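Asker: no sequence for this one, just the structure:
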């Protein structure tokens with residue numbers, strides 16, 4: 001696990017409220033191309049904040 005992945009795990013924990021193990025498992029799954037996540041019922045401002053947090057670490061995020 002590289003330093004960027006640790007930063008992404010921190011963002012996942014912040015955004016989702018997941019514990020360390022669950023956040024790490026999610027990041028590992030997405031990095032392996034196994035899973036993609038979605039968030040529903042989030043207002044536009046919060047969606048843009050989440051998007052910016054992930055994109056800061058090179059993630060690709062789409063908002064609708």
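Answerer: Everything's here; your move. No experiment lies behind these values; they were computed from the predicted model shown. Numbering: from 1, shown residues only.

Asker: can you tell me the closest non-neighbouring residue to residue 59?
Answerer: residue 8 (6.8 Å; C-beta to C-beta, 6 or more residues apart in numbering). Where C-beta positions appear, they are placed from N, C-alpha and C, glycine not excepted.

Asker: residue closest to the middle of the protein?
Answerer: When the chain is reduced to its mean C-alpha position, the nearest residue by C-alpha atoms, centre = their mean turns out to be residue 12, at 4.2 Å.

Asker: surely that one touches residue 18?
Answerer: Yes - counting by C-beta atoms under 8 Å, residue 18 is a contact partner of residue 12 at 6.4 Å.

Asker: rewinding a little: mind checking how far the residue nearest to the centre of the chain is from residue 6?
Answerer: 11 Å (C-beta to C-beta, to the nearest Å).

Asker: which stretches of this structure aren't confidently modelled?
Answerer: Along the chain, the model assigns pLDDT under 70 to residues 1-3, 32-41.

Asker: where exactly do the helices run in this structure?
Answerer: Secondary structure of the chain (DSSP state H): helices located at 3-16, 20-31, 44-55.

Asker: in CSV: these, plus distance to residue 64.
Answerer: CSV is the format used below for the helices of the chain (distance: least, C-beta to C-beta, whole Å):
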stretch, distance to residue 64
helix 3-16, 17
helix 20-31, 19
helix 44-55, 9
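
Asker: what about the closest residue to residue 61 other than its chain neighbours, distance to residue 42?
Answerer: Nearest residue to residue 61 in three dimensions, chain neighbours excluded: residue 51, at 4.4 Å (C-beta to C-beta, 6+ apart). Distance of residue 51 to residue 42, given as C-beta to C-beta: 10 Å.
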